[in-house]
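Engineer: fold the following.
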Amino acid sequence: MRPRSAEQIQALDIAATAFTEENCIDFSVAGSAPTIDAERRRGRGAGLNMSGRFEKQAREIFDDGWETIEDLPPFRTEVQTERARTIITRNESPDISFDRSINPYRGCEHGCIYCFARPTHAYMGMSPGLDFETRLFAKPNAAELLGRELSKPGYQPKTIAIGTNTDPYQPIERKFAIMREVLEVLDRSNHPVGIVTKSALVLRDIDILGRMAERGLVKVALSVTTLDRKLARAMEPRAATPERRLSAIRGLAEAGIPTSVMIAPVIPALTDSEMEAILEAAHDAGATEAGYILLRLPLEVSPLFRDWLLRERPDRYRHVMNLLRSMRGGKDYDAEWGKRFKGAGPYAQHLGRRFTLAAKRLGMNARRRKLSAESFAPPLNGGVQLSLL
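Structural biologist: Down below sits the predicted model:
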């Protein structure tokens with residue numbers, strides 16, 4: 001066991017002072033947690049599996065000379081069921097458009113290296129690294145809980161956001177179908193919902209979504225980070241390819257479901273040059289609205305992303321991080337409300353201007369559809385005690 005320190009995280013920048021293959025190999029020697037063997041993490045996004053920030057001690061795997069490390073098995077997806085006590089999560093953040101959300105799963109098998117939700121796995125005593133994408137939690141009682149919560153006296157309906165933390169259509173949804181059950185409850189209750197996903201699996205539920213769209217109850221956003229299939233495979237190893245996401249936009253739009261594209265995140269000096277191309281491709285597929293979010297690197301996401309950059313794009317490391325810090329007040333991340341999603345400074349303003357002009361040219365965001373909660377009817381079988389009057 002080795003104690004961790006802030007210097008270990010800062011060593012990432014020291015390791016990147018020059019961009020040679022030797023620097024990348026010596027990256028783990030520079031003081032950070034060692035990168036997991038490539039064969040053990042094949043098909044995963046993170047290269048590290050450091051302990052969470054709440055743990056008193058940190059554990060690192062290293063070869064003690066007996067070569068037993070070569071016998072360790074590859075990381076496989078494990079799913080535990082969680083009997084949640086509540087399902088609607090509330091927030092009071094002034095810079096987001098919703099005040100409630102649902103997360104059918106904890107962790108996400110998509111393995112997106114930049115995922116800002118990774119630090120939440122530390123609350124489970126697990127690593128925001130490889131644990132986040134391999135040790136997952138499913139909430140099979142989500143639909144039941146939702147029915148109960150919607151039936152509570154005094155409940156005031158507003159749009160519920162799904163997919164803001166982890167993807168509700170990640171691969172394990174094929175087996176558990178929790179998201180479909182949640183949609184069935186919302187459909188019966190005439191309750192509005194906004195969905196964000198990277199998965200073409202959303203087309204499976206087009207029957208429910210189509211019915212809800214006719215009543216102004218649903219909007220779906222597909223997140224498209226890059227059109228480069230090779231880059232997407234490296235950054236988002238188990239998410240749908242860019243082509244399949246665009247195909248999902250087309251399928252939803254043709255079914256009359258309001259569809260938008262989220263360029264999230266925009267990574268300076270890596271994907272930001274694709275902003276206009278992504279908007280054009282999504283518009284051609286039928287998306288009528290669009291948005292973007294600048295790369296966010298809170299807590300453990302920063303070392304994970306920087307490790308990935310040194311492995312996958314070492315020649316871009318300094319350029320990416322320098323531009324990002326120029327928009328984050330010299331830091332990897334600034335969580336200040338109003339700045340965290342778009343950044344600040346000249347480069348951030350330039351990105352915003354590019355997005356606005358491209359969206360306007362394509363006629364996107366000209367008319368944003370608002371979801372309606374006027375027809376909401378609490379579920380009759382919500383499990384809430386009935387009145388005796």
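
Engineer: what comes into contact with stretch 323-334?
Structural biologist: Identification of contacts with stretch 323-334 by Cβ atoms under 8 Å, 6 or more residues apart in numbering yields 268-269, 294-298, 301-302, 321, 340, 343-348. C-betas here are computed from N, CA, C, even on glycine.

Engineer: any of those residues buried? List them.
Structural biologist: Among these, those that count as buried by neighbour count (16 or more other Cβ atoms under 10 Å) are 268-269, 294-298, 301-302, 321, 340, 343-344, 347-348.

Engineer: so which of those residues is the closest to residue 40?
Structural biologist: Proximity of those to residue 40 (Cβ to Cβ) peaks at residue 301, which lies at 21.2 Å.

Engineer: my read: that closest one touches residue 112, true?
Structural biologist: No: if you go by Cβ atoms under 8 Å, residue 301 and residue 112 don't touch, sitting 10.1 Å apart.

Engineer: follow-up on the earlier one: among the contacts of stretch 323-334, which are in strands?
Structural biologist: Among those, the residues falling in strands (DSSP state E) are residue 294.

Engineer: just give me the neighbour total for residue 116.
Structural biologist: Other residues within reach of residue 116 by the criterion other Cβ atoms under 10 Å amount to 20.

Engineer: the closest residue to it other than its chain neighbours and residue 369, how far apart?
Structural biologist: Nearest residue to residue 116, sequence neighbours excluded (Cβ to Cβ, 6 or more residues apart in numbering): residue 296, at 4.5 Å. The spacing between residue 296 and residue 369, counted by Cβ to Cβ, to the nearest Å, is 27 Å.

Engineer: who does whichever helix or strand residue 161 is part of touch, helix- and strand-wise?
Structural biologist: Secondary structure assignment for residue 161, by DSSP states H and E: strand 160-162. Strand 160-162 makes packing contacts with strand 100-102, helix 178-189, strand 193-197 when contacts are defined by 3 or more Cβ pairs under 8 Å, 6 or more residues apart in numbering; DSSP states H and E.

Engineer: of the ones you listed, which is nearest residue 34?
Structural biologist: With Cβ to Cβ as the criterion, residue 34 lies closest to strand 193-197 of the helices and strands packed on strand 160-162, at 33.5 Å.

Engineer: next, the angle helix 178-189 makes with the closest one.
Structural biologist: Here strand 193-197 runs at an angle of 160 degrees relative to helix 178-189 (axes from the mean of the first three to the mean of the last three Cα atoms, to 10 degrees).

Engineer: re the thing from before, ranking the helices and strands packed on strand 160-162 by burial, who's on top?
Structural biologist: Mean neighbour counts were taken over these using mean count of other Cβ atoms under 10 Å, and the top value, a mean of 23, falls to strand 193-197.

Engineer: where does the chain have low pLDDT?
Structural biologist: Low-confidence regions of the chain, defined by pLDDT under 70, span residues 1-33, 61-71, 381-389.

Engineer: grab the longest helix from it for me.
Structural biologist: If you go by DSSP state H, the chain has its longest helix at helix 346-362.

Engineer: what about the strands in this structure?
Structural biologist: Counting by DSSP E, one finds strands in the chain at the ranges 78-81, 88-90, 100-102, 105-106, 135-138, 160-162, 193-197, 218-223, 259-266, 289-294.

Engineer: just name the most buried of those.
Structural biologist: Comparing the strands of the chain by mean neighbour count (mean count of other Cβ under 10 Å), strand 218-223 comes out on top with a mean of 26.

Engineer: for the closest residue to residue 197 other than its chain neighbours, grab the count of nearby residues.
Structural biologist: Counting by Cβ to Cβ, 6+ apart, the nearest residue to residue 197 once its immediate chain neighbours are dropped is residue 169, at 4.6 Å. Other residues near residue 169 number 28, with proximity taken as other Cβ under 10 Å.
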